[in-house]
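1. With the input below, show me the fold.
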Amino acid sequence: MLTLEQLAGMLEKYRAPAAVSVNEFTIGNRDFRFNSRPAIMGVINLSPDSWYRESVCLSGESALQRGKTLVAQGAAIVDVGAESTLAQAARVDDAGQTSRLIPVIRGLRSEKIIVSVETYSPAVTRASLEAGANVLNLTGTVATDEIFRMVAAHDAAVIICYVAGDNVRTVGDFDLNTDPIPLLRDFFARQIEAAQRQGVKKILLDPGLGFYYRNLQDSAVRVRHQMNIFLNTFQLRELGQPICHALPHAFEFFGDEVRCAEPFFAVLAALGKTSLFRTHEVPRIKAVLDTMNVF
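-> From the prediction side, this is the model:
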C-alpha cells in the first residue's frame with residue numbers, strides 16, 4: 001500500500017531536483033507554463049487496432065470532430081497516431097500512415113488546433129511537419145539526427161519517448177533489477193544533447209509507461225513499476241525539460257471501471273510534477289487536475 005511516509009521519504013531523499021524549474025516555450029500560438037500550469041494532451045487513434053475504442057476514429061470527419069471535442073473538454077494538444085503500439089497490431093507502412101494522418105492534420109490545423117503526431121518514421125515525420133504538425137511524439141531511436149533536424153527546421157516541439165529498442169514496436173525487456181530513474185536520466189541526457197545539437201529548442205521527455213514490454217506482463221509488477229516512475233518523475237527535472245506522461249490503464253485491477261484508471265494514475269503523475277498528461281480521458285483528467293489545484 002502506498003503511504004504518506006513513502007511519499008515523504010522520496011521527497012526528502014531527492015529534494016534538490018524537485019525544486020528545479022523546467023523549460024517553458026510556445027507551441028503553435030499557445031504559451032505553455034509547465035512549471036505552474038500542467039497541460040493535457042488528448043488522443044486520436046487512426047488505427048482500428050487500438051484497444052481504447054473511445055479514441056479510435058476511422059474517418060477524417062470523425063477525427064476532426066473528436067479533435068474539436070477534446071479541445072472543448074480541456075486538451076491543449078491533440079496527439080494523432082496511425083499505427084497502434086500494441087504488440088499484436090498490424091504494422092502500417094509509411095505510405096499507409098501518411099495517407100491516414102495528412103488529411104487529419106490539415107483538418108485539425110485549419111481549426112487552429114495544436115497537433116502532435118506519434119511516429120518513429122522519418123518519412124512520416126517529414127510529411128506530418130510539412131502538413132502543419134506542431135509536435136513530434138517520437139517513439140523510436142533510429143535516424144534521430146535526421147528527425148531532429150526536421151523538427152528544428154519547422155520550429156516544432158519534440159516529445160522524446162524512452163524506448164528500449166529501435167522503436168515502440170520492437171522494445172526489449174525493461175530492467176527491473178535496478179532503480180529505473182538513472183537509466184531514464186542517462187537515456188534522456190543523450191537524446192537531449194543530440195536534439196539540441198540539431199537545433200531543437202522545444203523538448204519534452206516521456207518515460208514510455210504506456211508501451212508494451214514482454215517482462216511486464218504480470219499486472220502487479222507492471223503497475224508497481226508504473227507507479228514508482230510516476231511518483232519519482234520529479235527527479236528527471238534536473239535535465240531541465242518538462243515531462244510528458246502517457247497514462248496507462250491497469251485493466252486487470254480496474255475491470256469494468258477501466259476508464260477510471262487514467263484519472264488514478266494522473267494523481268500519481270501530478271504528485272511527481274508531470275507537465276503534460278497524455279490521455280484518452282480528457283474531461284476526467286481535467287477534473288482531477290482542477291481539483292488538486294484547489295488545495
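
2. can you pull the contacts of residue 250?
-> Neighbour list for residue 250: 219, 222-223, 226, 258, 261, 264-265 [criterion: CB atoms under 8 Å, 6 or more residues apart in numbering]. The way it works is simple: take the backbone N, C-alpha and C, and place the C-beta from them, glycine included.

3. Of these - the most surrounded one?
-> Looking at the contacts of residue 250 with neighbours defined as other CB atoms under 10 Å, the largest count falls to residue 265 at 27 neighbours.

4. Surely that residue and residue 247 touch.
-> Yes. Under the criterion of CB atoms under 8 Å, residue 265 lies in contact with residue 247, with a separation of 4.7 Å.

5. Mind checking which of the contacts of residue 250 are in strands?
-> Applying DSSP state E to the contacts of residue 250, no entry is found in strands.

6. got these as JSON lines, with distance to residue 116 and pLDDT columns?
-> Supplementary listing: the contacts of residue 250 in JSON lines, determined by distance: CB to CB, whole Å; pLDDT from 0 to 100:
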{"residue": "219", "distance to residue 116": "29", "pLDDT": "76"}
{"residue": "222", "distance to residue 116": "25", "pLDDT": "82"}
{"residue": "223", "distance to residue 116": "26", "pLDDT": "88"}
{"residue": "226", "distance to residue 116": "22", "pLDDT": "90"}
{"residue": "258", "distance to residue 116": "24", "pLDDT": "83"}
{"residue": "261", "distance to residue 116": "22", "pLDDT": "92"}
{"residue": "264", "distance to residue 116": "24", "pLDDT": "96"}
{"residue": "265", "distance to residue 116": "20", "pLDDT": "96"}
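
7. May I see those residues organised as JSON lines, with distance to residue 66 added?
-> Supplementary listing: the contacts of residue 250 in JSON lines, determined by distance: CB to CB, whole Å:
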{"residue": "219", "distance to residue 66": "29"}
{"residue": "222", "distance to residue 66": "28"}
{"residue": "223", "distance to residue 66": "28"}
{"residue": "226", "distance to residue 66": "26"}
{"residue": "258", "distance to residue 66": "19"}
{"residue": "261", "distance to residue 66": "20"}
{"residue": "264", "distance to residue 66": "23"}
{"residue": "265", "distance to residue 66": "22"}
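
8. Tell me the one among the residues you listed nearest to residue 195.
-> Nearest to residue 195, judged by CB to CB, of those is residue 226 at 25.5 Å.

9. wait, the closest one sits on residue 262?
-> No. Here residue 226 lies out of contact with residue 262, judged by CB under 8 Å, at a distance of 11.6 Å.

10. what are the ranges of the strands in the stretch 1-150 of the chain?
-> Taking DSSP state E, counting those that start in this stretch as the criterion, the stretch 1-150 of the chain carries its strands at 25-27, 30-32, 39-45, 77-81, 115-119, 135-138.
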